[in-house]
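S.K.: after the sequence you'll find the predicted model.
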Amino acid sequence: MIRFLKNSIKKFTLQTPRLLEGIKNKIDLNEPTLIFKSFGVLNKDKIFYIIKRSPGTGLFSNVTFVLNHLRICKKNNFIPIIDMENFKTIYNENKKIKNTNNAWEYYFEKLNDFTLEEVYQSQNVFITSDKFFHFFSYNMYLDKDLLKILQSQIKIKKNLFKVFKKISKSFNHQKILGIHFRGTSYKRSPGHPFPATKKQMFEITKKILTKEKVDKIFLVTEEKNYLNFFKKKFPNKIININCCYRSDRNDAFEKYPRNLHRYKLGREALLETLLLSKCDYFIYLSSNVSSAALAFNFNNKQKRIEIKNGMNSKNILISQFLWYIKSILPKNCGGI
């Protein structure tokens, strides 16, 4: 199937059937990251819009990507189709998960009843590229349109939502401080916010524990070193999902240390984000996970503390070292 699609796209010639004439002023048909294709004769009265991102990146980066495309669909009355089956992501497994090969449907419900087989036999089909359009928003919480689309169209798989509800019961009758503490590759990500240092996160956490009545700390981090650091500094306070994969290297998708590892990485990211949204207090840095946690908003009384350390350089070479330099400099010399 994927070979057929790629060959079809390579041979693509832009057509403008009568059905599309009314949308020319709403969307740029010559946008290099958007193509139009007639695969067959089905559904002549409909326009499908295939959203793909291969290989994609983190789960909520992919969700943000999808939300931006759903906004396009909403404005133009396109029928959105998410294809993360033929166009595989970093979360795809080699066998079906919950009876699907579509990685989107591992974690979220289908948007409609149309099948991929039917869509790829239809007459009017747009196909996205894997890149963000230049006008896309990167924050689903701050962009109110994306927030509405998330709340109205994105439905978490029932089995995963049940797991979240079960785990979150342990949060009841306790005051929980949620912390999203990014490490590993985020320290070197060009054009991204500088993550906190261990010292900085420790001092902010200690200050909150002194001022507020906090029973437990729910720590979300991909870095094993950070988890061990917090367990040592705050013994008997830390709760986390024990089965989550953690490492001191950016190797989560390079290894396959357990059965269904890639599916589980996405599952864990989703569950941890939902649980962060449930906490009474939330320390975070701007990221796709934190914006998703704020957007899900399962605790409307949550008190939030955002860490703002500035942005890393967009220069790939400089960005590899800048966080490490700033982390050892005093604040009055430009340090974090």
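M.R.: Perfect, I can see it now.
S.K.: quickly list the domain ranges of this protein.
M.R.: 2-128, 170-333 (automatic domain parsing).
S.K.: now these as TSV including mean pLDDT, mean neighbour count and distance to N159?
M.R.: Backbone N, C-alpha and C define where each C-beta goes, glycine included. Converted to TSV, the domains of the chain look like this (pLDDT from 0 to 100; neighbours: other Cβ atoms under 10 Å; distance: least, Cβ to Cβ, whole Å):
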stretch	mean pLDDT	mean neighbour count	distance to N159
domain 2-128	85	17	7
domain 170-333	96	17	10
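S.K.: in the stretch 201-336 of the chain, which spans are strands?
M.R.: Using DSSP state E, counting those that start in this stretch, the strands found in the stretch 201-336 of the chain span residues 216-220, 238-239, 281-285, 303-307.
S.K.: if I look at I316, how far off is H69?
M.R.: The span separating I316 from H69 equals 27 Å under the rule Cβ to Cβ, to the nearest Å.
S.K.: got it, and Q302?
M.R.: In terms of Cβ to Cβ, Q302 sits 29 Å off from H69.
S.K.: go on, N102?
M.R.: From N102 to H69 the distance is 16 Å (Cβ to Cβ).
S.K.: how about W104?
M.R.: W104 is 12 Å from H69, by Cβ to Cβ.
S.K.: just T221 next, same as before
M.R.: Where H69 is concerned, T221 sits at a distance of 30 Å (Cβ to Cβ).
S.K.: equivalent analysis for I82, please.
M.R.: 9 Å.
S.K.: overlap in contacts, those two.
M.R.: I51 (Cβ atoms under 8 Å, 6 or more residues apart in numbering).
S.K.: rewinding a little: of the domains of the chain, which is nearest D145?
M.R.: domain 2-128 (5.7 Å; Cβ to Cβ).
S.K.: contact partners for D251?
M.R.: Going by Cβ under 8 Å, 6+ apart, the list of residues near D251 is empty.
S.K.: host element of the residue nearest to the spatial centre of the chain?
M.R.: Nearest to the mean C-alpha position of the chain, by Cα atoms, centre = their mean, lies F60 at 0.5 Å. Counting by DSSP states H and E, the element that carries F60 is helix 59-76.
S.K.: downstream neighbour of that helix in the secondary structure list?
M.R.: Toward the C-terminus from helix 59-76 - assigned by DSSP H and E - lies strand 79-82.
S.K.: which strands or helices does the following helix or strand past that following strand pack on?
M.R.: Heading C-terminal from strand 79-82, the first helix or strand you meet, by DSSP H and E, is helix 104-107. Contacts defined by 3 or more Cβ pairs under 8 Å, 6 or more residues apart in numbering; DSSP states H and E place helix 104-107 against helix 59-76, helix 261-278.
S.K.: pull the residues that contact helix 104-107.
M.R.: Contacts of helix 104-107 (Cβ under 8 Å, 6+ apart): 59, 62, 66, 82, 84, 91, 97-98, 100, 156-157, 160, 263, 266-267, 270.
S.K.: could you pull out the helices in the stretch 151-300 of the chain for me?
M.R.: Here the stretch 151-300 of the chain has its helices, by DSSP state H, counting those that start in this stretch, at 158-168, 198-211, 224-233, 261-278, 288-296.
S.K.: for the second one, the distance to its chain's centre please.
M.R.: It refers to helix 198-211. Relative to its chain's centre, helix 198-211 lies at 27 Å (Cα atoms, centre = their mean, to the nearest Å).
S.K.: show me what it is packed against.
M.R.: Checking 3+ Cβ pairs under 8 Å, 6+ apart, helix 198-211 ends up next to strand 176-180, helix 224-233, strand 281-285, strand 303-307.
S.K.: got the CA positions of the longest one in CSV?
M.R.: Put plainly, it is helix 224-233. Provided in CSV are the C-alpha atoms of helix 224-233 (Å, rounded to 0.1, in the frame of the first residue of the first chain):
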residue,chain,number,x,y,z
LYS,A,224,16.8,8.4,35.1
ASN,A,225,19.3,10.7,36.8
TYR,A,226,16.7,13.3,37.6
LEU,A,227,14.3,10.7,39.1
ASN,A,228,17.1,9.3,41.4
PHE,A,229,18.0,12.9,42.4
PHE,A,230,14.5,13.7,43.5
LYS,A,231,14.0,10.4,45.3
LYS,A,232,17.2,11.2,47.3
LYS,A,233,16.2,14.8,48.0
